[in-house]
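> Here's my sequence, what's the structure:
(2 chains)
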Amino acid sequence: MSRIIDQHRRRFLRASGVTVLSASAVALLAGCEKMAAAQTSNSAGDVGILNTALGLEHEAISAYQVGAASDLLQKPVLEVAVRFQSHHKGHRDALIATIRKLGGMPVAAKSDAEVAQALNAAALKTQVDVLRLAQRLEKGAANAYIGVIPSFSDKALAQVSARLAADEAMHWTVLTQVLNDSLPASALTFGA
Amino acid sequence: MIRQAVLSAAILSAAAAADAAAADPGRGKELYESRCGGCHSLDANRVGPAHRGVYGRKAGTAPNFNYSAAVRNSGVVWEGKTLDAWLTDPQRLIPGQRMNFRISAAEDRTDIIAYLRQQSGR
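Now for the predicted structure:
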């Protein structure tokens, strides 16, 4: 499937005459490191957006770590939380690689203790509390990724942001079901 | 000409007052939590700075937050107009900033700003 998507993307980009930076980003997405490394462009703005996204992913990884270590999660829920954390680690690694290849310096993660304090983790007393926090953060993350899409100068990176938002929306949907919350009555819930 | 300008200013002022009156901080709270809550909290610095007290505050001055030089040196003071411009397109207001998050719907911005103003005791 990913090969099909890559082929479509390449055909589209060839047809539309994209910029050098787009070609660089596409090379990153396709895993073509030599091609990506050869691209240079004024991408400081995009790197800044990616670094903000990285900060968000660092926080998500720590939040799931705090939740997993809380002893408040039952085994099946814990397994899902760890799976979601692994997705965020995948996001983090992809963002770090892209930032570096665009010539930027990835932001460092805060400690789990710092994140726990910022998120008031001391107030988490039940599994539902942990799930509510995760649900809130996932929705915020999805909306953050949607909200920065118009700011990317490179459309290929904007597409990456949409893919990241889709992962966060998936997490939010699962958490919403686990919490037995109603699904949204209206369309276009995210980004609004 | 002068009369026209005064009339235009009066109309704009009345429109702004109507907007402020129509602002819904309750809806703004919901929007803040869903749209801004990925990176911000009222009382803690996270990916972005803490927001309680932001209305009326000089940009780049929330304690213990590592701002970009662009925001720190912008001279912007956060009030209705500047917050609206910021949420519309942060890069246009302060080139070199790091937020880049945009809210396209004017009424959403208005309600979020009303909530931030309320939480700042203004």
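> Tell me which residue is most central in the chain.
As the question left the chain open, I've gone with chain A. Here the mean C-alpha position of chain A is nearest to the C-alpha of A:Leu164 (Cα atoms, centre = their mean), at a distance of 4.2 Å.
> ah, no, chain B please
Most central in chain B (Cα atoms, centre = their mean) works out to B:Leu83, at 2.2 Å.
> check contacts around that one.
B:54-55, B:109, B:113, B:116 (Cβ atoms under 8 Å, 6 or more residues apart in numbering or on different chains). C-beta here means a position set from N, CA and C on the backbone, and glycine is covered the same way.
> Give me the buried positions along the helix or strand hosting it.
Assigned by DSSP states H and E, B:Leu83 belongs to helix B:80-88. Using 16 or more other Cβ atoms under 10 Å in any protein chain shown as the test for burial, helix B:80-88 gives B:80, B:82-84, B:86-87.
> Quick check: pLDDT value at the nearest residue to A:Pro150 once chain neighbours are set aside.
Of all residues not flanking A:Pro150 in the chain, B:Arg102 sits nearest, at 5.4 Å (Cβ to Cβ, 6 or more residues apart in numbering or on different chains). pLDDT for B:Arg102: 96.
> what do you get for A:Cys32?
Predicted confidence (pLDDT) for A:Cys32: 44.
> A:Ala162 too?
At A:Ala162, pLDDT is 97.
> In terms of distance to chain A, which of the contacts of B:Leu83 ranks first?
B:Arg109 (11.8 Å; Cβ to the nearest Cβ).
> What is the neighbour count of the closest one?
23 (other Cβ atoms under 10 Å in any protein chain shown).
> touching chain A at all, the helix or strand hosting it?
Secondary structure assignment for B:Arg109, by DSSP H and E: helix B:106-119. Yes - looking at helix B:106-119 against chain A by Cβ under 8 Å from any Cβ of the partner chain, the contacts come from B:Asp108.
> Find me the pLDDT at B:Ala22, would you?
With respect to pLDDT, B:Ala22 has a value of 85.
> before we move on, the earlier item: ok, the contacts of B:Leu83 vs A:Ala144, which is closest?
B:Arg109 (16.0 Å; Cβ to Cβ).
> ok, A:His171 touching A:Glu138?
Yes - with contact defined as Cβ atoms under 8 Å, A:His171 counts as touching A:Glu138 (4.3 Å).
> which residues touch whichever residue of chain B sits closest to chain A?
Nearest residue of chain B to chain A (Cβ to the nearest Cβ) works out as B:Gly38 at 2.8 Å. Counting by Cβ under 8 Å, 6+ apart, B:Gly38 makes contact with A:56, A:137, A:139-144, B:47.
> can you list contacts of stretch B:85-94?
With Cβ under 8 Å, 6+ apart, stretch B:85-94 has contacts from A:45, A:151, B:59, B:70-71, B:74, B:76, B:78, B:82, B:97, B:99-104, B:109, B:112-113.
> related to what we said a few turns ago, name the SS class of the residue nearest to A:Pro150, please.
coil (DSSP: H, G, I helix; E, B strand; the rest coil).
> From B:Phe65, how far off is it?
According to Cβ to Cβ, to the nearest Å, B:Arg102 and B:Phe65 sit 21 Å apart.
> Tell me which of these two has more neighbours.
B:Arg102 (19 against 14).
> ok, that one - contacts?
A:147-148, A:150-151, B:87-90.
> Skipping its backbone neighbours, what lies nearest the residue of chain A found nearest chain B in space?
Here chain A gets closest to chain B at one residue, A:Gly140, 2.8 Å apart by Cβ to the nearest Cβ. Distances taken as Cβ to Cβ, 6+ apart put B:Gly38 closest to A:Gly140, at 2.8 Å, once the chain neighbours are dropped.
> Just read off the phi/psi values of B:Lys58.
Here is the backbone geometry of B:Lys58 (degrees, to the nearest 10): phi -70, psi 140.
> actually B:Val77, not the one I typed
Reported as degrees, to the nearest 10, the phi and psi values for B:Val77 are phi -110, psi 130.
> Count residues in the vicinity of the nearest residue to it once chain neighbours are set aside, would you?
Nearest non-adjacent residue to B:Val77, counting by Cβ to Cβ, 6+ apart: B:Lys58, 5.4 Å away. Neighbourhood size, B:Lys58 [other Cβ under 10 Å]: 12.
> can you tell me which residues contact B:Lys58?
Per Cβ under 8 Å, 6+ apart, neighbours of B:Lys58: B:75-78.
> Quickly note the distance from it to B:Leu116.
From B:Lys58 to B:Leu116 the distance is 15 Å (Cβ to Cβ).
> Verify the contact between A:Leu102 and A:Val47 for me.
Yes - judged on Cβ under 8 Å, A:Leu102 makes contact with A:Val47 at a distance of 5.2 Å.
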